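Trainee: Based on what follows, work out the 3D shape:
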Amino acid sequence: MSDACPCGSGRPYTACCGPFHAGAEPPDAESLMRSRYVAFVRRDFPYLWRTLDSNHDEKRDGAAYDDWLSQIREGTKPLRYKRLRILDVGGPDHEGYAHVLFHVLVARGRRDASFAERSRFVHDGTGWRYLDGSLLPSRLLPKPIEALTFDSFEHAARR
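Mentor: Residues are numbered from 1 along each chain as shown. This next block holds a predicted model:
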């Protein structure tokens, strides 16, 4: 029996995010979000780079892949990803952006480093790509987290 995919879909990795990591394109922004989370869990950094939009800050500012790779390896080394929850999905909107609101349970050593993010994705003609996102630590989020919506996230971000 295959191991369950870390994205929380309940499906085996080989039938869920695995094909995307092997080169298939996710069919929508939510699938890309799930597969990017799993790439963080599995430390599949080449996939994370490949799925960044060309207008993402790091690519737009001309970050060299090797420098980016070194930074992301070091920055994520102490993190333990525990759970992904997709809370809301929208779009694509009239500008072509799709949005995914998600919550990640993550620990940095013994400290809680959990957060919610409203991510923005765009289709580049080949596939969906991560453009940018707004992040809030769990301590600033209204409870229960499962009830978080785009509107309540934006309200919390303005406080």
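Trainee: Look through the protein and tell me its longest helix.
Mentor: helix 29-42 (DSSP state H).
Trainee: for that helix, packing partners?
Mentor: Counting by 3 or more Cβ pairs under 8 Å, 6 or more residues apart in numbering; DSSP states H and E, the packing neighbours recorded for helix 29-42 are helix 18-21, helix 45-50, strand 79-90, strand 97-108, strand 115-123, strand 128-137. To be clear about C-beta, it is placed using only N, CA and C from the backbone, and glycine gets the same treatment.
Trainee: Could you pull out the buried residues of it?
Mentor: 29-41 (16 or more other Cβ atoms under 10 Å).
Trainee: before we move on, what about stretch 119-135?
Mentor: Result for stretch 119-135 [16+ other Cβ under 10 Å]: buried residues 119-123, 127-133.
Trainee: same for the lowest-mean-pLDDT helix or strand in the chain, what does it pack against?
Mentor: When the helices and strands of the chain are compared on mean pLDDT, DSSP states H and E, helix 57-60 comes out lowest with a mean of 78. Here helix 57-60 touches no other helix or strand, going by 3+ Cβ pairs under 8 Å, 6+ apart.
Trainee: make it 10 Å
Mentor: helix 65-76, strand 128-137 (3 or more Cβ pairs under 10 Å, 6 or more residues apart in numbering; DSSP states H and E).
Trainee: got TSV for these, with mean pLDDT and distance to H94 too?
Mentor: TSV is the format used below for the helices and strands packed on helix 57-60 (pLDDT from 0 to 100; distance: least, Cβ to Cβ, whole Å):
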stretch	mean pLDDT	distance to H94
helix 65-76	91	32
strand 128-137	96	16
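Trainee: Of those, which is nearest E25?
Mentor: strand 128-137 (7.4 Å; Cβ to Cβ).
Trainee: Give me the buried positions along the helix or strand following the closest one.
Mentor: Next along the chain after strand 128-137, taking DSSP states H and E as the criterion, comes helix 150-158. Buried residues in helix 150-158, defined by neighbour count with 16+ other Cβ under 10 Å: 152-153.
Trainee: what's the spacing between helix 150-158 and its chain's center?
Mentor: 18 Å (Cα atoms, centre = their mean, to the nearest Å).
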